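Visitor: 3D model of this:
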Amino acid sequence: MARINIQFTLFSAFYSPLISAMSGGFLEAEGLDPEWSISPPGVSALEALRNGSAHVVQSALSQGFVTLDKGETPFAVHFAQVNEMDGFFLTARKADPAFSWKKLAGAEVVTFKGGQPHAMFKYACHKAGIDYGKLKLITPGGPAEIDKAFRDGQGQYVHQQGPFPQQLQADGVGHIVGQVGPLIGPCGFSSLAATPAWLKTDMAKAFIRAYRKTRVYMNERPAAEIAQAEKPYFPKIDEQVLADCIATYQQLGTWTPHVEITKAAYEKTLDIFEYNGQLKQRYRYEQVCAAPPAAD
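Guide: Here you go, the predicted model:
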């Protein structure tokens, strides 16, 4: 078995295609023994590629934009998608079957201060026809701090990835009222990145064979089965909550079977960051993305 080091920028059920490559035994079947980690707060997972501590990282196309905006050439490329749609939810204090995004105007929302979650959320508000500037934002920090703030009584709404919202609902703390993804549509939300040199290796070929099989598994197997295999990775989340979260993402279509980052998804991501004023120019697909390794 060859050790493959994988690092996540954020770790949640939203990134199940990469988690299930491990929990479903797909990497092991290709002779790869996965060792995984989460990047430290404030540190890009791409640094693990730079220093050689990781072979593959879960990242986002926007990391390439940041580098290019500095006038630098990215040392890593994004070669496969993880999620082809935003997977964040809006959770309210009380159930609201008649929820409309317009109810966010003037409301207190616990959310992220910046980064991709902020950019996508702001764009979704734009698509919903509401003024993002009218939201009263509460930004306590990362996912754990956001969850704690809402549980401690802050905010009327909270903006989170699964399975945090599903666990809030199971605990009777909140009720999911909306999703960001359908407002935006397919986009290059999160991706897998590696160095061009690694993508030429036999390990990369073995990885992509395993990952292609995982993508099919994510769409064809029952959510309960996937959740049971992933449960050891989520000790603080109820298994039924995890299954509910995975089922929602399956229905949303965030885990499309293909592994390639499509040019259409890439262009939509450019649209989002351009709207947010976080893009100096519309970079060519080839400046950020690469085709997956050619597996034998």
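Visitor: Pro293 contacts Ala210, doesn't it?
Guide: No - using CB atoms under 8 Å, Pro293 is not in contact with Ala210, being 11.5 Å away. (Glycine included, C-beta is placed from N, CA and C.)
Visitor: Now do the same contact list for Lys280.
Guide: For Lys280, the contacting residues are 68-69, by CB atoms under 8 Å, 6 or more residues apart in numbering.
Visitor: Tell me which helix or strand it sits in.
Guide: Counting by DSSP states H and E, no helix or strand carries Lys280.
Visitor: measure it to Ser62 for me?
Guide: 13 Å (CB to CB, to the nearest Å).
Visitor: can you map out the helices along this structure?
Guide: Using DSSP state H, the helices of the chain run over residues 16-23, 26-29, 46-50, 61-69, 115-128, 143-151, 164-170, 181-184, 202-220, 223-230, 239-252, 263-275, 285-288.
Visitor: hey, which of these is tucked in deepest?
Guide: helix 16-23 (a mean of 26; mean count of other CB atoms under 10 Å).
Visitor: tell me the angle of that one relative to helix 239-252?
Guide: Orientation check (axes from the mean of the first three to the mean of the last three CA atoms, to 10 degrees): helix 16-23 against helix 239-252 gives 130 degrees.
Visitor: what's the angle between helix 16-23 and helix 202-220?
Guide: Using the same axes, to 10 degrees: helix 16-23 against helix 202-220 is 110 degrees.
Visitor: Helix 16-23 - what's its average pLDDT?
Guide: The predicted model assigns helix 16-23 a mean pLDDT of 98.
Visitor: Just the pLDDT at the closest residue to Glu260 other than its chain neighbours, thanks.
Guide: Leaving out its chain neighbours, the residue that sits closest to Glu260 by CB to CB, 6 or more residues apart in numbering is Pro292, at 6.2 Å. In this model, Pro292 is scored at 96, pLDDT.
Visitor: Quick one: residues contacting Pro292.
Guide: By CB under 8 Å, 6+ apart, the contact set of Pro292 is 79-80, 208, 259-260.
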